[in-house]
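Colleague: below is the sequence, then the predicted model.
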Amino acid sequence: MTTTTLAVLVPLLPFLGAAAGLLLGRTAPGFVRPLAVLPTLTAFALAAVVAVRQGGDAAVDAATQLTPTGSVPIELALHIDGFAALVAVLVSLVATCVQVYSTGYLRDDPRYPSYAALVSLFTSAMLLVVYSGDLMVLLVGWEIMGICSYFLVGHYWETPEARAASLKAFLVTKLGDVPFLIGLFALATDAGSFRITRILATVAEGGLDHPTLIALLLLAGVAGKSAQFPLHTWLPDAMAGPTPVSALIHAATMVAAGVYFVARLLPVFAASSAALLVLAVMAAITMVGSGLAALAQDDIKRVLAYSTIGQLGYMTGALAVGDSGAAVFHLISHGAFKALLFLAAGVIIHAAGTNSLAAMSRMSHLRARVPDAFWTMTVALLALAAIPPFSGFFSKESVLGAAEHAATGHAQPVPGAASWTVLVAGVLTALLTAAYAARLWLLAFHGEGTEAPDHGRQPSTMTVVLWVLAVPSLAFGALAYGRLPDWFDGDDLAPTLTTSVLGTGAALIGALVTYAAWRSARAKAARVPLGAVAAHPEADAATVEAEAIASHTPAYGDVASAPDPADPGRLLLGPLHRHAAAGFHLDAVYSALFVRPVQAGASLVRFLDREVVDTYVSGAGALPRLLGAAVRKAQTGNVQTYVSALLAGTVVLVVAALVVATGA
């Protein structure tokens, strides 16, 4: 088969698997797991073949016009360059791992068939975004991912937390999608086409009439989809969904879509210095703010959620300094170790007997009980902290190196303020990342919380996946940084000496200071009783998670404010801890600025509708009702009454006539 045919099958197979899973989920449950795993696994194999055939050479383009649409046609187009080929491999690999993992994690979940089908549809939508050569077709995949995230985050819909999280994720991302859609139409109007190749050609010729306006409109959608400041608040709350869903969203779909979109259309954004500066500031605030917030969280999944936000900030920072290769390199590297972190967290959640809001303060000596999760998560945390030779070191250093080159004038012209902003924020974030990674490792595997009952050995489908993802988390960066420039337009991705020393030094300082703070806190603090943990040793991981979300019973009171004496985050952040734990109160700010005024406006409209409009309507109908009642009382049907009324009327008329005659 041709490369084009194989590429068409890559997103099509998971879609067909999703459709078949929904149709056969109830009638033939034995086919559900094969329909979940095999199409996605086959898509991964085909994506790998497409990547090998593409080989970093000239892009593969193919298109067919769907239907005449007027001056700006919409075409079913493929555009597979080095970026698309490798990102598709990442998406299909992580999706396959998630599907295999979920067969054990949700083995007793009655809604597993719909869950698996939605995961397949989610995967298909992201692959459509990756391979699409037309922005309107890309938008279809973009929006399908939004609705899939709504259903998957709200998988445990019986609980108010899951319902609220799914609704919040949907609304916040839609808030960014509205200007994003306007920006797409404005871009297509200026370029005369939705085809990516024609748009890039128009940009190269200087044909965009409104580059700044278009770029800023598109950035709103990117901020929502990729959880960047100020539209990032939905991602930590999305942890109410099953842990494998978190791995899929954070590692290879949804949040990666925004970064990938900007990387593919970077010349559009580079045409506006103002847009690059806005992107740099957005990335810097996202990186530093999420690092501080992660250092204050007690829920292991929320730590990882804020970590994702920060790592996406690195990617947008690389784009702000004009290096799409570094951004996509970190996207691929991050996808492997972040998927591993979340899936290992799922094992920990089950072993610890805690809830989806997995309080690390409740965990106790898990290293011996979950050795697979311990070793693989250690690898992933070292990659996250960018410690050499793990993959995160090479990809993160490529970002810092790109910022250094731009700041010193050795790269393509970008605003100097943008370059220095990204570089300084990136080094500071390296310190914060290592600090919260070390804190997570110490509290999860060396904590002294309440010992939870043993839930038994995890299914092999879960543990095998951890080791599969540990391989790229360890080796991908070292093997790839020298070869990827051929796939990424020749951009140099090798670590530079200056940023390597700065970044690695900052990471080591962050880890060592956190360890010292942890030792000091343990030595000084008395042990705090954490209470008993309700457990069902025979339950599977998803059951533990779902029941804990439903009960919503943390160790004691509010976990975020619970006095954990051995938490180094409290010691390091000091008075800032309370604000960082609450995400710097952005939700409260948005509630005051937007939610409450809208609610007040709705209340006013309801009052006017009920008390004013309804009063006029009711009054307009009251008078005829009264007249009708009076007439109805006169119509009694009694003949004697009618005769009496007739005689009385006659008498009245006679008397009136006499009075008139006498007066005359």
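Modeller: Yep, it's here. Numbers count the residues shown, from 1 in each chain.
Colleague: now do the end-to-end distance for stretch 585-601.
Modeller: Length of stretch 585-601, first residue to last, CA to CA, to the nearest Å: 23 Å.
Colleague: quick one: distance of that stretch to the chain centre.
Modeller: The chain centroid and the centroid of stretch 585-601 are separated by 21 Å under CA atoms, centre = their mean, to the nearest Å.
Colleague: so residue 120 sits in a strand?
Modeller: No: the assignment for residue 120, made by DSSP: H, G, I helix; E, B strand; the rest coil, is helix rather than a strand.
Colleague: ok, now which ones touch the closest residue to it other than its chain neighbours?
Modeller: Closest residue to residue 120 apart from its sequence neighbours, by CB to CB, 6 or more residues apart in numbering: residue 18 at 3.8 Å. For the C-beta atoms, the positions are set from N, CA and C on the backbone; glycine is no exception. Residue 18 is in contact with 117-118, 120-121, 124, counting by CB atoms under 8 Å, 6 or more residues apart in numbering.
Colleague: quick one: which of these is nearest residue 470?
Modeller: residue 120 (24.7 Å; CB to CB).
Colleague: do you know how far residue 474 is from residue 22?
Modeller: Separation of residue 474 from residue 22 (CB to CB, to the nearest Å): 38 Å.
Colleague: same question for residue 382.
Modeller: 40 Å.
Colleague: can you check residue 125 too?
Modeller: Applying CB to CB to residue 125 and residue 22 gives a distance of 15 Å.
Colleague: neighbour-wise, which of the two wins?
Modeller: For residue 125 versus residue 22, the count of surrounding residues by other CB atoms under 10 Å is larger for residue 125: 27 against 18.
Colleague: pretty sure the more buried one contacts residue 152?
Modeller: No: the criterion here is CB atoms under 8 Å, and residue 125 misses it with residue 152 at 11.9 Å.
Colleague: and residue 289, what pLDDT?
Modeller: Residue 289 is assigned 96 on the pLDDT scale.
Colleague: buried residues in the helix or strand it falls within, which are they?
Modeller: Residue 289 is part of helix 273-296, with elements assigned from DSSP states H and E. Of the residues in helix 273-296, 275-296 count as buried by neighbour count, 16 or more other CB atoms under 10 Å.
Colleague: and what of stretch 477-484?
Modeller: Buried residues in stretch 477-484 (16+ other CB under 10 Å): 477, 480-481, 484.
Colleague: what's the first-to-last distance across that stretch?
Modeller: 10 Å.
Colleague: contacts for it next, please.
Modeller: Contacts of stretch 477-484 (CB under 8 Å, 6+ apart): 82, 86, 325, 329, 332-333, 383, 389-395, 398, 493-495.
Colleague: what is the helix holding residue 289 packed up against?
Modeller: helix 211-225, helix 266-270, helix 300-320, helix 416-446, helix 568-573, helix 577-581 (3 or more CB pairs under 8 Å, 6 or more residues apart in numbering; DSSP states H and E).
Colleague: and the helix or strand just after the fourth one, how far out from the chain's middle?
Modeller: In this case it means helix 416-446. For helix 416-446, the following helix or strand on the C-terminal side (DSSP H and E) is helix 460-480. Distance, stretch centre to chain centre, for helix 460-480: 23 Å (CA atoms, centre = their mean).
Colleague: I'd like the next helix or strand past helix 460-480.
Modeller: As assigned by DSSP H and E, the chain's next helix or strand after helix 460-480 is helix 497-524.
Colleague: show me what that next one is packed against.
Modeller: Judged by 3+ CB pairs under 8 Å, 6+ apart, the packing partners of helix 497-524 are helix 391-407, helix 416-446, helix 568-573.
Colleague: mean pLDDT for those - can I get that in JSON lines?
Modeller: As requested, the helices and strands packed on helix 497-524 are exported to JSON lines (pLDDT from 0 to 100):
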{"stretch": "helix 391-407", "mean pLDDT": "94"}
{"stretch": "helix 416-446", "mean pLDDT": "94"}
{"stretch": "helix 568-573", "mean pLDDT": "90"}
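Colleague: where does pLDDT dip in the chain?
Modeller: 69, 352-358, 410-412, 449-456, 490, 525-565, 633-634, 664 (pLDDT under 70).
Colleague: as a quick check, tell me the outermost residue of it.
Modeller: Relative to the centre of the chain, the most outlying C-alpha is that of residue 662, 97.1 Å out, by CA atoms, centre = their mean.
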